[in-house]
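1. Here is a sequence with its predicted model. Questions after.
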Amino acid sequence: MKRARAACSSSPMDGEPDRLSALPDCLLHTIMSFMKARQVVQTCVLSTRWKHLWRSVRCLNLDLGEFKDDEDSDSQNSTYDYEDWEHFEDFAVNLMIRHNIALLESFRLQARRVHSKDSTTFKEFRNLRNLTLDKCDLSDDFETLVLFLLNSPNLEKLTLRCCKFSNDSKKKKGTPKPKKTSSSQCHSLDVQCVNLKLTEIIYKDDDVRQLVELLLRISGNLPRNHLKLRKMD
Amino acid sequence: MAAPESGDGNNGAARMVTLISSDNTRFEVEAAAASLSQTLQLTILDGGGGGGDGIPLPNVDSATLSKVLEYCIKHAPAAANGGAPNATAVDRAELERFDNEFVNIDQSVLYSLIMAAHNLEIEGLQSLVAKKVADMIKGKSPMEIRRTLGFPDPTPEEQAEMNAHMLEYGWAYE
């Protein structure tokens, strides 16, 4: 291969303030997709160019770990105090209000608790294709999960990784759950994710029966869905 | 159009194509490597780039193109295996080592590379560079980011605007 070391690699946009900001929006968005949500929002003060860029990122990774105060402790065996939680929640609510959620294609949520009893805070994730819930507590009888599904009509892939599915995972054997008809069970029938192709459940020791039952019950509303279960070692 | 016979008598040898950078340097490279670019793949499937004619790339200079092709040549075998599901752990580790070293370069080269990867539609390269730039931003305060990434110093008006903006975005700064 011939190699001529050309001295000039002149930027196509000379006169711009800096090379990074000179990149087109779509590439800055690609770069932001490798960052976590809080840092993404923080880029808004970099310069006028960056002020509103974050609002239209297609991919958000919202992680409670970003809100932990002491940085030196290991994030694996992390404990979160109430203050961390408040910051996280405050951030999440502001993010949902100010981000152009309709543009979102991929959303990853890593949080211990998700409570969204108030379904009005949910906006429609009109273009969401990929949803990952990582280490989320779904033991609210899947109410939160159902809310996500109800609001994501174009979802193609759902990943539930190491989520908590029930409150009494310790004595899962031989203790039949009291059968009650919760609101999520009613609402789940309204779920219409016709494009959902894959639901991947990666679990540890938790009991996934209830979740699988729920998915089977609404399988008529998820005509293309394949269910993939994987137990982590 | 059926796959053309390239008249260079390269029976058995891998098919080669020629790419021409914006500053008129010609690069001869295996078609399989160049085909990592979605854009080039179409041209190559149509029989372009062989023989005497090269494929002109008016948006990519020779320094950048040589770097792009270094990536493509390294990644072509794995890509040919359909994302290399049967690649050995050693192969994967080697590619990872290559990637890490590959993006350990000047910022200005990174930006030229990501533009080229974008124009040529080489997704793996685009993600690799994007991740590297994101890593340079991660964990830094806005001022640190501005310094690291060579933003010019803010004018007093800009600084005032930034401060006001920072107050408005208190929820993202806790």
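-> The structure has been received and is ready for your questions. Residues are numbered from 1 along each chain as shown, chains lettered A, B, ... in the order given.
2. which parts of the lengthiest helix in chain B are buried?
-> Assignment by DSSP state H gives helix B:62-80 as the longest helix of chain B. Neighbour-count burial for helix B:62-80 flags B:62-69, B:71-76, B:78-79 (criterion: 16 or more other Cβ atoms under 10 Å in any protein chain shown). (Each C-beta comes from the backbone N, C-alpha and C, glycine too.)
3. Same question for stretch A:201-218.
-> A:I201, A:I202, A:Y203, A:D206, A:V208, A:Q210, A:L211, A:L214, A:L215, A:I218.
4. cool, and stretch A:156-166?
-> Per 16+ other Cβ under 10 Å, stretch A:156-166 contains these buried residues: A:E156, A:K157, A:L158, A:T159, A:L160, A:R161, A:C163, A:K164, A:F165, A:S166.
5. Figure out the length between the terminal residues of that stretch.
-> Stretch A:156-166 stretches 25 Å from its first residue to its last (Cα to Cα, to the nearest Å).
6. ok, and what's touching it?
-> A:129-139, A:142, A:145, A:149, A:172, A:177, A:195-204, A:206-208, A:210-211, A:232 (Cβ atoms under 8 Å, 6 or more residues apart in numbering or on different chains).
7. hang on, the earlier thing: and the buried residues of stretch A:156-166 as a markdown table, adding pLDDT, secondary structure and distance to A:C26?
-> A markdown table is the format used below for the buried residues of stretch A:156-166 (pLDDT from 0 to 100; DSSP: H, G, I helix; E, B strand; the rest coil; distance: Cβ to Cβ, whole Å):
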| residue | pLDDT | secondary structure | distance to A:C26 |
| --- | --- | --- | --- |
| A:E156 | 96 | coil | 21 |
| A:K157 | 96 | strand | 22 |
| A:L158 | 96 | strand | 26 |
| A:T159 | 96 | strand | 25 |
| A:L160 | 94 | strand | 30 |
| A:R161 | 92 | strand | 28 |
| A:C163 | 90 | coil | 32 |
| A:K164 | 86 | strand | 37 |
| A:F165 | 83 | coil | 38 |
| A:S166 | 77 | coil | 42 |
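8. Any chance of JSON lines for these, columns distance to B:M166?
-> Shown next, in JSON lines, are these (distance: Cβ to Cβ, whole Å):
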{"residue": "A:E156", "distance to B:M166": "37"}
{"residue": "A:K157", "distance to B:M166": "36"}
{"residue": "A:L158", "distance to B:M166": "36"}
{"residue": "A:T159", "distance to B:M166": "35"}
{"residue": "A:L160", "distance to B:M166": "36"}
{"residue": "A:R161", "distance to B:M166": "34"}
{"residue": "A:C163", "distance to B:M166": "35"}
{"residue": "A:K164", "distance to B:M166": "36"}
{"residue": "A:F165", "distance to B:M166": "40"}
{"residue": "A:S166", "distance to B:M166": "43"}
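9. and which of the residues you listed is nearest to B:L45?
-> Lowest distance from B:L45 to these (Cβ to Cβ) belongs to A:E156, with 28.0 Å.
10. Okay, the residue nearest to the closest one when sequence neighbours are not counted and A:I101: tell me how far apart.
-> Of all residues beyond its chain neighbours, the one nearest A:E156 is A:R129 (4.5 Å), with distances taken as Cβ to Cβ, 6 or more residues apart in numbering or on different chains. The gap separating A:R129 from A:I101 is 14 Å, by Cβ to Cβ, to the nearest Å.
11. Many thanks, have a good one.
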